[in-house]
Every structure is written in C-alpha cells, then in structure tokens.
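1. 3D, please:
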Amino acid sequence: MIEAVGLTKRYGPRTAVQNLSFQVRPGTVTGFLGPNGSGKSTTMRMILGLDSPTAGRATIGGRPFRPNPHAARQVGALLDAKAVHGGRSARAHLLSLAQLAGLPARRVDEVLAMVGLQDVAHRRAKGFSLGMGQRLGIAAALLGDPQVLLFDEPVNGLDPEGILWVRNLMKQLAAEGRTVFVSSHLMSEMALTAEHLIVIGRGQLLADMPVKDFISAHSADFARVRTPDGAAEQREKLAAAIAEAGGAAAPEPDGALRVTGLPLPRISDLAHTAGVRLWELSPHQASLEEAYMRMTQGAVDYRAAAAGPAGPPAPGGYGPQGAVPPGYAPGPPPGVPAPPPNPYAQPDPAGQPGPYAPPQGHPYGTPGPYGAPQPYGPPQPYGQQPPAAPADPTVPHPQDVR
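-> Next comes the predicted model:
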C-alpha cells in the first residue's frame, strides 16, 4: 500500500504540493488525475524518494522507499520512458538493471516477451519509436516482479493495440493483489481502467473516491427529448409541461430538448398526457471527462484562449496582428527606421496592397505560355536543344579586341 500523510513540497516561494494525504490500496487500479502543473509528477517522485518532501511523509508498505534494500524487487515505476542510454540495446539496458537488483538474466527475456519487444531486443534504444520506448519502460518496471507499481502516462505514444494491452495488464496486476497507481490525462482510458480516483489541483487534494461516485458527484445526468421537426408548438407545449412537473427543459442547438430533474418514464407520461409525439427520448450519462472538467475548472493554471471572432483587445492584452492601438499613428515611431519590405505580404481584404507590399507581378517576370522553356526547369533531352538566338552584330565580341 502507498500512503501519503501531509505531503508538502516547496520550491522557493512556490508550493508544488500542499498537505496532501491519501492511500493507494492493493487489489485495485487507482487513477491519479490533475491538470498540468498540479503536482502529480512531484508527488510520485516523493513517493519514490527521488525528491525529499518539505513536510509530511510518503511510505510504501509502511516504510520509506529510499532506505529499502530490496526496493527494486518490491516497487516498480515508470516515470520517464526516455531515461535510457540510447547506445544500449533493449536487452542490455534491462540486463544492467537486473544485475544491479540481483535478478537472473532469464527475467530480462521474460519481460521483453511480456511487452512484445523480443524481436528488437538487440536494437539500440535510440532508434525506438515513442511507443516502443514506453514498452521498454514498462518492462523495466516489471523486471523485479514487484507488488507495488507506479506508472506516469504509460500509454503515451502507444497504438490502439498497445493501449488495450496496457489496460488489460493494469487490471491483471491489480487482480493479482498488487498496488497499481496510474497517472494519465486520457479520461476515456481512465474510465475503462481505474476503479478508484485521486484528483489533485494546484497541489491540493480535490477528490478521493471510486470512479462511479466521482462521476455522480460532479456531473448531472439528463434526458434528450426530440419532437417532430417543424413542430415548434409541440416542443414548447412539452417544455411547459416539464416545467410544471418540476423539471427543466433547455433547448439544444439541433432543436431537441435537454431535460433534467425528471426520470424518463415521467417525461414519457407527460408527453402522452399533453398529446405530444416524440421522435427521441434517450438518457445521457455524463462521462468521466465531463465530471473531471467540471471538478477541476477552477484549478487549471494553463488555460488556452477560447477561439472566436476577433474583438477589441482586453486591457493589457494583444489585439489582432497588424492592428494599431488607440492613440497611435500607423507606421513606425519617430526616429525608428521603417522595416524592410515583406516579400510575402498579402493584399488587405479590400484588395489594396499593404503599405509594405512589393510591386505587383511575378518576382521573376511574367510566366510564359504553357510548354515554353523554363529558366529553372529540367534540361531538354540531348538533340532537342532549342536553337540559339542569333548574335547581335552591334555588340562587339570579346575576341574582337585581338
């Protein structure tokens, strides 16, 4: 079992992990979720003794990881699949790890076959693809046949077959009574693999519960109801009946209704009583991704700007490219030379060339008709060279001076 008690890590004035406490129990796959920069990797590094906590403690099996003399046989971890010497072969890399842990060489061949790398065992790791590197990292984690396993983004770079293999592997390891702690950003995969979730945001614990309870607690199920197309009166009539019954009906972009607060049989009875014919009445259960986004929307440090039509710049922000801020004249400031002409400038939407647009026309002159010799085209076949132009008698030849 993995246990963290009051785990805190500070880097100068910044607190990466703050008073984090949780348990990862054996026999189940526990997912470790959180936005980028939330402290997941830092927490895993403290569990494995790679970083020292500022406060609190992290133990595996009731004792810290670092002083454990048989750590490689008890704990396996994949934090960085690229942590391998590129000049070594896959087998040589695993063999060196096995020798350090006192493991027999036959175990190397076993894990290579387990992860599907037996055919490339003697290939150098620097030639591996991202997915092959992930498989090699998983093989290193399984080398000591440990009872506790930690994986940070184990399916990164894997193809669908590899993702399915990792999913089944995690479930199999947990079914054997091992402790499996998996960090990932793939919500769809976590929903299929993990049974329990630990969610953190900005270094603090946000949730510690089973997956089903997490989805139910941080999302709302709804029913999708559709009336015949063009029957707006029936849709409004049904929406009024739903509101009178204590439910809520919100219009969808495609004309359907999103109904919450009422079960499907009750909605069907209301439609029948109101004389409204239904084309669709289907339940919709929120996904893990929807529940996660709702849970962590206030704990995201790196949020991309929403796409949309260009508008006035926010105070202190940046306006559209090429726009002139209010109060400033177009062109460079006084005393600053104008920038050189841009050879790739495009005309403005009105069709007028920009202030720095080059002269109109082809940069190498007007192209000739199709089939005419091109100055940069392939040479003509031997014997089919075009005749040379006659010499101009008014221009003296260089040899005439002799």
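
2. show me where the chain has its helices.
-> Ranges of helices in the chain, per DSSP state H, are 40-47, 71-74, 90-101, 106-115, 130-142, 160-175, 187-193, 211-217, 232-244, 264-274, 288-296.

3. can you list the buried residues in the fifth one?
-> So the one you mean is helix 130-142. Of all the residues in helix 130-142, those buried under the rule 16 or more other Cβ atoms under 10 Å are Gly131, Met132, Gly133, Gln134, Arg135, Leu136, Gly137, Ile138, Ala139, Ala140, Ala141, Leu142. All C-beta spots, glycine's among them, are computed from the backbone N, C-alpha and C.

4. do the same with stretch 254-263
-> For stretch 254-263, burial by neighbour count (16+ other Cβ under 10 Å) applies to Ala256, Leu257, Val259, Gly261, Leu262.

5. what's the lowest-pLDDT member of those?
-> Ranked by pLDDT, those bottom out at Gly261, which has 88.

6. need phi/psi at Pro53.
-> When read as degrees, to the nearest 10, the backbone of Pro53 gives phi -70, psi 150.

7. that one contacts Lys9, doesn't it?
-> Yes. Between Pro53 and Lys9 there is a contact at 5.5 Å, judged by Cβ atoms under 8 Å.

8. what's the overlap in contacts for those two?
-> When Cβ atoms under 8 Å, 6 or more residues apart in numbering defines a contact, the residues bordering Pro53 and Lys9 alike are Val17, Met46.

9. Ala271 contacts Leu238, correct?
-> Yes. Ala271 lies in contact with Leu238 (Cβ under 8 Å); the separation is 5.7 Å.

10. these two: who's more crowded?
-> Taking neighbours as other Cβ atoms under 10 Å, Ala271 and Leu238 compare with Leu238 leading, 24 against 20.

11. what sits against the residue nearest to that one when sequence neighbours are not counted?
-> Excluding the flanking residues, the one nearest Leu238 by Cβ to Cβ, 6 or more residues apart in numbering is Val276, at 4.6 Å. Val276 makes contacts with Thr227, Gln234, Arg235, Lys237, Leu238, Ala241, as judged by Cβ under 8 Å, 6+ apart.

12. now distance to Ser188 and pLDDT too, for those, in TSV please.
-> Output for the contacts of Val276, formatted as TSV (distance: Cβ to Cβ, whole Å; pLDDT from 0 to 100):
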residue	distance to Ser188	pLDDT
Thr227	32	93
Gln234	36	91
Arg235	33	92
Lys237	38	93
Leu238	33	94
Ala241	36	94
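
13. can I get those in a markdown table including distance to Pro154?
-> Output for the contacts of Val276, formatted as a markdown table (distance: Cβ to Cβ, whole Å):
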| residue | distance to Pro154 |
| --- | --- |
| Thr227 | 47 |
| Gln234 | 51 |
| Arg235 | 47 |
| Lys237 | 53 |
| Leu238 | 48 |
| Ala241 | 50 |
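
14. make a PyMOL selection of whichever of those residues turn out to be buried.
-> Here is the PyMOL command that selects the buried residues among the contacts of Val276 (16+ other Cβ under 10 Å):
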select buried, resi 227+234+235+237+238+241
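
15. between the contacts of Val276, which is closest to Glu280?
-> Thr227 (8.6 Å; Cβ to Cβ).
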